[in-house]
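Peer 1: could you work out the structure for the sequence below:
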Amino acid sequence: MAEFNTVVTNTLISSAWANAILDHAFEKPCSFIVRKKDSYYEAINGSTGKIDYGGSGNAGGVSGTNASAVIQATINALTSRGKIFIKAGVYVITSPIIIKSDIEIFGECAATYLMAGGANLDIISNSSQCVRVNLHDFLIDGQLYNNINAINAILAASKIFFLHIMDCTGSGIQLKSAGSSWGSRSFETDILFNRIINCRTAGINLPQYSSDNIIFGNLIDGASSAEPTIRSTCGISINHGNFVAYNHLYDNKNNIIVSAPNVRLVDNYFDSSQEHGVILSSDSAIIGAIHIVNNRFLKQGILGGNNNLYSSIYLSGTNAITNVEIIGNYFQCEETDKPKHHIEENRIILNSNYVLNNFIQDSTGSGPILKNSSSTTRIFNNIGYVTENSETAIGTGAQQIIAHGCAFTPTDANVVLSNIDDGANPYISGTPNATNIYVTAVNTKKYRWEVKS
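Peer 2: Next comes the predicted model:
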């Protein structure tokens, strides 16, 4: 990219040089271009070519040695929509960058490096709702200082994409809310294609009232090579009405925690966790209308030497969990250590839930699915976990013991003659158990048995 090699404070550069600079696709439409020049940070006006803030002369009354102040000055100067381009370089952030509505802040991918300069800091933040904000193409490094969030903001109708966020002791991206009203909450914000590594509270955190957001195509790694035994509490923590799809989560303590209704988890790849893969927690409220569809679960609950303690999907809490659909997912272990279950119901009030068309490849420590004894969950048509079966057999005139092949004791067992004119009807002559059903049929007569669990 072109460089402002001869720009000085309050001096307009030559028009030919200005045109050469401003014709660049990234720089021409920008309100301000921020760069580091030698030991100074400076903000160049995208229209005039002047250094408006910072630099060696402390233009605009802003210290050229304070990256936070220079960037903040450009934001404060915008009275309407504007773009701020932060060029490649290391920018030490010592105070929060407070954003406003209708702005776009972007850089040169990971070459634009925003680095925390101390503890107790939100790198990018606000205190009231901002709309139509775009943040993209730069790196934020929390440096593992105490109480660091990379982005902690109230955003609506906004986009956060192509960021690289790392080493935050708080959250990588947190869409907070100041209250329940639409004017004080985060909603309809897209978090797309970001790489988030080693953010200790959560990679992405959508707390109470943060709703109707899309989390798509992000890579969230809960550990770092420097501290491989310390992991994020969760990859994604989500509340009401959010859509989570095509993300890759791995090496988190828990990959996803869902604590409110109307959430869709679709086509995500959950690759390794220390505890549960997905937690549906009703501790705060009744949760329902949860769709977990076409995800891949690999090696959940086994990191750190855990074995037979945690599950791929864990339903728990003090309130009811209803209308959950777990459909078309792929469960796999591939390790000597195994999760406790792939699906575990640890809640009494579980109504109108469905587990169907899933592919369960490997066994688990305590069985693939643990269904609560009071649950009305319907489990059927899963590969590797049989809940329905049928076959033909020949009667002997005495009671026959038949292995039904189901994963647990059938709740419904029937037998019928293959040909209605073939003699007396066969009948179930004993109580089914976890392994067998008991049938009595006329000698040499063919019949068909059917069971459902």
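Peer 1: okay, CA-based contacts and neighbour counts for the rest of this
Peer 2: Will do.
Peer 1: first-to-last residue distance for stretch 157-172?
Peer 2: 19 Å (Cα to Cα, to the nearest Å).
Peer 1: stretch 133-144 too?
Peer 2: OK, stretch 133-144 end separation, Cα to Cα: 27 Å.
Peer 1: in a strand, that's where Ile279 is, yeah?
Peer 2: Yes - applying DSSP: H, G, I helix; E, B strand; the rest coil, one finds Ile279 inside a strand.
Peer 1: do I have it right that it meets Val258?
Peer 2: Yes - contact criterion Cα atoms under 8 Å: Ile279 and Val258 qualify, at 6.1 Å.
Peer 1: and Ile93, how far from Lys83?
Peer 2: From Ile93 to Lys83 the distance is 19 Å (Cα to Cα).
Peer 1: now do Thr396
Peer 2: Thr396 is 84 Å from Lys83, by Cα to Cα.
Peer 1: who has more neighbours out of these two?
Peer 2: Just comparing Thr396 and Lys83: by other Cα atoms under 10 Å the higher neighbour count belongs to Lys83, 22 against 15.
Peer 1: I'd guessed that one sits against Pro29; true?
Peer 2: Yes - under the criterion of Cα under 8 Å, Lys83 makes contact with Pro29 at 7.4 Å.
Peer 1: across the sheet, point out what pairs with Val244.
Peer 2: For Val244, the beta-bridge partners under DSSP bridges are Ile215, Leu265.
Peer 1: now the one 10 residues further on
Peer 2: For Asn254, the beta-bridge partners under DSSP bridges are Cys234.
Peer 1: pLDDT value on it, please?
Peer 2: Here, the pLDDT recorded for Asn254 equals 93.
Peer 1: got it, and Ala16?
Peer 2: 37.
Peer 1: and Ser95, by the same measure?
Peer 2: 96.
Peer 1: equivalent analysis for Leu163, please.
Peer 2: 98.
Peer 1: report the buried residues of the longest helix seen in the chain.
Peer 2: Taking DSSP state H as the criterion, the chain has its longest helix at helix 67-77. Of the residues in helix 67-77, 67-75 count as buried by neighbour count, 16 or more other Cα atoms under 10 Å.
Peer 1: stretch 438-451 now?
Peer 2: Buried, per 16+ other Cα under 10 Å, within stretch 438-451: 438-442, 445-451.
Peer 1: and it, how far out from the chain middle?
Peer 2: Put simply, stretch 438-451 sits 51 Å off its chain's centre (Cα atoms, centre = their mean, to the nearest Å).
Peer 1: please renumber the chain so that the first residue is 6 from this point on.
Peer 2: Sure, I'll start counting at 6 from here, so that last one is stretch 443-456.
Peer 1: what does that stretch contact?
Peer 2: Residues from elsewhere that reach stretch 443-456 (Cα atoms under 8 Å, 6 or more residues apart in numbering): 392-407, 409, 415-424, 427-437.
Peer 1: can I get the CA coordinates of that stretch in CSV?
Peer 2: Only the C-alpha atoms of stretch 443-456 are listed here, as CSV (Å, rounded to 0.1, in the frame of the first residue of the first chain):
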residue,chain,number,x,y,z
TYR,A,443,-40.7,-63.6,25.1
VAL,A,444,-43.0,-65.0,22.4
THR,A,445,-45.3,-68.1,22.3
ALA,A,446,-46.5,-69.2,18.9
VAL,A,447,-48.0,-72.3,17.2
ASN,A,448,-45.5,-74.9,16.2
THR,A,449,-44.0,-74.4,12.7
LYS,A,450,-46.1,-71.2,12.1
LYS,A,451,-44.3,-68.2,10.8
TYR,A,452,-44.8,-64.9,12.6
ARG,A,453,-43.3,-61.4,12.8
TRP,A,454,-42.3,-59.6,15.9
GLU,A,455,-41.9,-55.8,16.3
VAL,A,456,-40.5,-53.7,19.2
